[in-house]
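S.K.: sequence unknown, structure follows:
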C-alpha cells in the first residue's frame, strides 16, 4: 500500500459532507445489522420451544393450538 505523503489532497466542504453522511449511514446500517442478528437466535429459540411443547402435547393426546 502506498502512503500519500508527497501529495496533498484538497477537499471541499461538499466532499466532507458526503463523507460524514456516508459514515453516519454506515454506522446506522451496522447498528441495525447487529440488532437484527441478536433478534434472530431468540426467535429461533422461541420457535423451537413452541415446537417441543406441541410435540409433548401431541404425545399425550392433546391437540396443540
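M.R.: Right, received. Where do you want to start? No experiment lies behind these values; they were computed from the predicted model shown.

S.K.: distance of the residue nearest the centre of the chain from residue 27?
M.R.: To find the centre residue of the chain, average its C-alpha atoms and take the closest one (CA atoms, centre = their mean): that gives residue 33, at 1.2 Å. Distance, residue 33 to residue 27, by CB to CB, to the nearest Å: 11 Å. All C-beta spots, glycine's among them, are computed from the backbone N, C-alpha and C.

S.K.: got it, and residue 36?
M.R.: Using CB to CB, residue 36 is found at 15 Å from residue 27.

S.K.: How about residue 60?
M.R.: Computed as CB to CB, the residue 60 to residue 27 distance reads 51 Å.

S.K.: Point me to the helix or strand that includes the residue nearest to the centre of the chain.
M.R.: Element membership for residue 33, per DSSP states H and E: helix 13-59.

S.K.: and that helix, what's its mean pLDDT?
M.R.: The pLDDT scores in helix 13-59 average 83.

S.K.: Show the secondary-structure elements that that helix is packed against.
M.R.: Of the remaining helices and strands, none touches helix 13-59 by 3 or more CB pairs under 8 Å, 6 or more residues apart in numbering; DSSP states H and E.

S.K.: ok so, going back, and residue 60 and residue 27? which has more neighbours close in?
M.R.: With other CB atoms under 10 Å as the criterion, residue 60 and residue 27 differ in neighbour count, and residue 27 comes out ahead with 10 against 6.
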